[in-house]
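**Q** I would like to see how this sequence folds:
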Amino acid sequence: MSKAIQLSQTGGPEVMQWIDETLGDPGPGEVRVRHHAIGLNYIDVYFRTGVYPSPTLPTGLGKEAAGVVEAIGPNVTLVDVGDRVAYAGGANGAYCDVRIIPESQLVRLPDGIGFDTAAAAMLKGLTAQYLLRRTYKVQPGDTVLIHAAAGGVGLIACQWAKALGATVIGTVGSDEKAALVKAHGCDHPIVYTREHFPSRVRELTDGDGVHVVYDSIGKDTFLDSIDSLRPLGMMVSFGNASGMVESFSPQILAQKGSLFLTRPVLFSYTAKRSDLEEMAAELFAVLANGTVKVEINQRYSLVDVAQAHRDLEARRTTGSTILIP
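**A** Coordinates of the predicted model:
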């Protein structure tokens, strides 16, 4: 008998139910993984609240975990029993101690990457990888603006962008978070609770604006983010922690300097197995050589996941958070 979190309806943290599960043997192309650590991500909140509708209810929750392969089904060739593996994406259901999952979603963990680090870094790190290396390929001399810089994606992206030669500007909600991001590659933290960030960005860039904005906040920051860009800059809207971006006329992009706008999601970038493997390899390389350090600043027992969600939504967390089955 295994344990899992189940969602029978959308709503607040209280709708997550702690249930018993009976798992059978893995089928063709499937493996059974015993989780050692599970990642907590804001996308989990979107599914829990119904911002991102689940295809069916009841459903599991969670996109990311790391553990050991316990059993394999017929025709499995990518992993074997005993392999240390991790994943980010696919169907919801990571909030559990044991899971049956398609082998195509798994990547093997290098010896130097522990379960906690993998669970904390896979989804956030792969997100940072595609943002910085594919959506807008950061070059030496670029100036970038990263919102929620003290969060899980933000801390990874600040370090990685700095290593790529960029000048990094990041928005945070407090002086404590400003100190944290400054220690992780952010050249110019902006405390948005007391500073108008578009004005501050203009000051820091001698009026030019930034080459790219990475915005996971959504509604509250969207227009001000556009105002922070230089002509021909790129607006990357990859989340909506404050709510969905409201409709607007594309003409504003012309008025502000022929700007580019994209709304990417990780799972489009990892849809091909070859892309997933290349992205994971690059992520593991920067983790292994110390270019990026993953800060796991919160750990919760999986049974206490409701409190973890409350803390995440209240912005009481920094860096990455993991759940322990």
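**Q** neighbours of the residue lying closest to Asp83 once chain neighbours are set aside, just the number please.
**A** On the basis of CB to CB, 6 or more residues apart in numbering, the spatially nearest residue to Asp83 that is not a chain neighbour turns out to be Val69, at 4.7 Å. The way it works is simple: take the backbone N, C-alpha and C, and place the C-beta from them, glycine included. Neighbours of Val69 under the rule other CB atoms under 10 Å: 22.
**Q** Would you mind measuring from Val69 to Pro325?
**A** The gap separating Val69 from Pro325 is 16 Å, by CB to CB, to the nearest Å.
**Q** how long is stretch 238-247 end to end?
**A** Taking CA to CA, to the nearest Å as the measure, stretch 238-247 stretches 16 Å from start to finish.
**Q** Tell me the gap between that stretch and the middle of its chain.
**A** 15 Å (CA atoms, centre = their mean, to the nearest Å).
**Q** and what of stretch 80-92?
**A** In this view, stretch 80-92 has its centroid 17 Å away from the chain centroid, taken as CA atoms, centre = their mean.
**Q** what comes up buried for that stretch?
**A** Asp83, Arg84, Val85, Ala86, Tyr87, Ala88, Gly89, Gly90, Asn92 (16 or more other CB atoms under 10 Å).
**Q** still on that earlier bit, the residue nearest to Asp83 contacts Val81, doesn't it?
**A** Yes - between Val69 and Val81 there is a contact at 5.5 Å, judged by CB atoms under 8 Å.
**Q** I'd like to know which of the buried residues of stretch 80-92 are part of strands.
**A** Arg84, Val85, Ala86, Tyr87, Ala88 (DSSP state E).
**Q** Adding pLDDT, write those out as TSV.
**A** Converted to TSV, these look like this (pLDDT from 0 to 100):
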residue	pLDDT
Arg84	98
Val85	98
Ala86	98
Tyr87	98
Ala88	96
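**Q** For the residue lying closest to Ala166 once chain neighbours are set aside, give its distance to Val213.
**A** Among residues not flanking Ala166 along the chain, Asp142 sits closest, at 4.6 Å (CB to CB, 6+ apart). Separation of Asp142 from Val213 (CB to CB) stands at 12 Å.
**Q** Compare these two (neighbour count), which wins?
**A** Val213 (29 against 18).
**Q** Starting from whatever helix or strand that one lives in, tell me the next helix or strand along the chain.
**A** Taking DSSP states H and E as the criterion, Val213 maps to strand 210-215. The helix or strand immediately downstream of strand 210-215 is helix 222-226, counting by DSSP H and E.
**Q** Contacts for that next one next, please.
**A** Under the contact criterion CB atoms under 8 Å, 6 or more residues apart in numbering, helix 222-226 has outside partners 145, 147, 196-198, 213, 215, 235, 237, 245-246, 248, 252-253, 256, 259.
**Q** Which members of these are positioned in helices?
**A** The helices, defined by DSSP state H, take in Phe197, Pro198, Ile252, Leu253 from these.
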